[in-house]
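> Any chance you could fold what I've pasted below:
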Amino acid sequence: MEPTVIVYIFLSYAAAGYIKGMSGLGFSTVCVGIMASFLELTTAIPLVVIPSIASCLLVMIEAGHFRKAVQRFAVMYLFTVPGLLVGLWLLVNTEGNLAKYVLGVVLSLYGVWGLLNPTFELPNSVARKLRGPTGVLTGTIHGLTGAAVMPMVPYLLSLGLRNDMFVQAVNISFVMSSVIVILALGQLGYVSLYLLAISIAGIVPVSLAVRPGVLAQRRLSANQFRTVILAVLIGLGVNLILFA
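Sure, this is the predicted structure:
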């Protein structure tokens, strides 16, 4: 791999890390989307997983409320695992581009709808019943498309969580899913020692970029934060459509 390409990879890490710090999500999709302009997806995805986990851990440390989030959303997290296995099986055995295109459209439409309906919240009784289905669907879509945001992010946004609680709840799921993905990619032969070394080195630019993003997020009100999240979802959706 040429030195110029490695520089582009590290710049991709930094850009995605800042967005991750500010919004709490989007690292993998943003980073893969940027890298897809100069790398094959089979190369880009393994390069992204370890820095993605690192970015999640960094924002989780900043957010706090780990135990509370685990206790409240344990059912959703547990149901994510079988969904993820189903999604990975579908990825290996079906054509994934159509799924990415459809997900991109859904993300974009939801983001626009959310901006037009800023006060929508789920009743607590309904929200409790949706934890399991939300976990299964999020895992399946993540395994199939590499995007771990639907329908978990809309679900959590509908609960009216504090910014830091939202960030913690989302990223616990991201870490769980990413660990399973990297193990599966290793078994499928997509993770080489060379790519692994670059991926581990990518933790440095990610670490440097996440902190400024977190500081920017802390200056946002709850409504501003929600708007940022929805804007990121629209951006992720457009990104998936462009690179499907």
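> and Gly87, how many neighbours?
28 (other Cβ atoms under 10 Å). The way it works is simple: take the backbone N, C-alpha and C, and place the C-beta from them, glycine included.
> Ok, Ile229 next?
By the criterion of other Cβ under 10 Å, Ile229 has 27 neighbours.
> same question, Gly235
With neighbours defined by other Cβ under 10 Å, the count for Gly235 comes to 19.
> which ones are touching it?
By Cβ atoms under 8 Å, 6 or more residues apart in numbering, the residues touching Gly235 are Gly26, Val30.
> pLDDT weak spots in this structure?
Applying pLDDT under 70 to the chain flags the ranges 41-42, 95-97, 119, 243-244.
> quick one: the helices in it?
Here the chain has its helices, by DSSP state H, at 3-23, 27-35, 41-63, 66-93, 97-116, 124-129, 131-145, 152-157, 163-187, 193-201, 203-218, 222-243.
> Just name the most buried of those.
helix 27-35 (a mean of 26; mean count of other Cβ atoms under 10 Å).
> and the angle from that helix to helix 41-63?
Angle, helix 27-35 to helix 41-63, by axes from the mean of the first three to the mean of the last three Cα atoms, to 10 degrees: 140 degrees.
> What is helix 27-35 packed up against?
Identification of packing neighbours for helix 27-35 by 3 or more Cβ pairs under 8 Å, 6 or more residues apart in numbering; DSSP states H and E yields helix 3-23, helix 41-63, helix 222-243.
> Without its sequence neighbours, what residue ends up closest to Ala209?
Nearest non-adjacent residue to Ala209, counting by Cβ to Cβ, 6 or more residues apart in numbering: Gly17, 3.3 Å away.
> Measure how buried Gly64 is and give me the count.
The burial count for Gly64: 13, using other Cβ under 10 Å.
> List the contacts of Leu11.
Residues near Leu11 by Cβ under 8 Å, 6+ apart: Pro205.
> ok, so what distance separates it from Pro123?
To Pro123, Leu11 is 44 Å away according to Cβ to Cβ, to the nearest Å.
> try Val7
50 Å.
> related to what we said a few turns ago, can you redo the helices and strands packed on helix 27-35 as TSV with distance to Val30?
Formatted as TSV, the helices and strands packed on helix 27-35 follow (distance: least, Cβ to Cβ, whole Å):
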stretch	distance to Val30
helix 3-23	4
helix 41-63	9
helix 222-243	7
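> Determine which of those helices approaches Pro154 most closely.
Nearest to Pro154, of all the helices and strands packed on helix 27-35, is helix 222-243, at 8.1 Å by Cβ to Cβ.
> quick one, the closest one and helix 131-145 angle?
Going by the same axes, to 10 degrees, helix 222-243 makes 40 degrees with helix 131-145.
> Export only the CA atoms of helix 222-243, formatted as CSV.
Extracted C-alpha coordinates of helix 222-243, given in CSV (Å, rounded to 0.1, in the frame of the first residue of the first chain):
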residue,chain,number,x,y,z
ALA,A,222,-30.7,18.7,24.1
ASN,A,223,-32.6,20.1,21.0
GLN,A,224,-29.4,21.0,19.2
PHE,A,225,-27.9,17.6,19.9
ARG,A,226,-31.0,15.9,18.5
THR,A,227,-30.7,18.0,15.4
VAL,A,228,-27.0,17.0,15.0
ILE,A,229,-27.9,13.3,15.4
LEU,A,230,-30.6,13.6,12.7
ALA,A,231,-28.3,15.5,10.4
VAL,A,232,-25.7,12.8,10.8
LEU,A,233,-28.3,10.1,10.0
ILE,A,234,-29.3,11.9,6.8
GLY,A,235,-25.6,12.2,5.9
LEU,A,236,-25.1,8.5,6.6
GLY,A,237,-28.1,7.6,4.5
VAL,A,238,-26.8,9.6,1.6
ASN,A,239,-23.4,8.1,2.0
LEU,A,240,-24.8,4.6,1.9
ILE,A,241,-26.9,5.4,-1.2
LEU,A,242,-23.8,6.8,-3.0
PHE,A,243,-21.6,3.8,-2.2
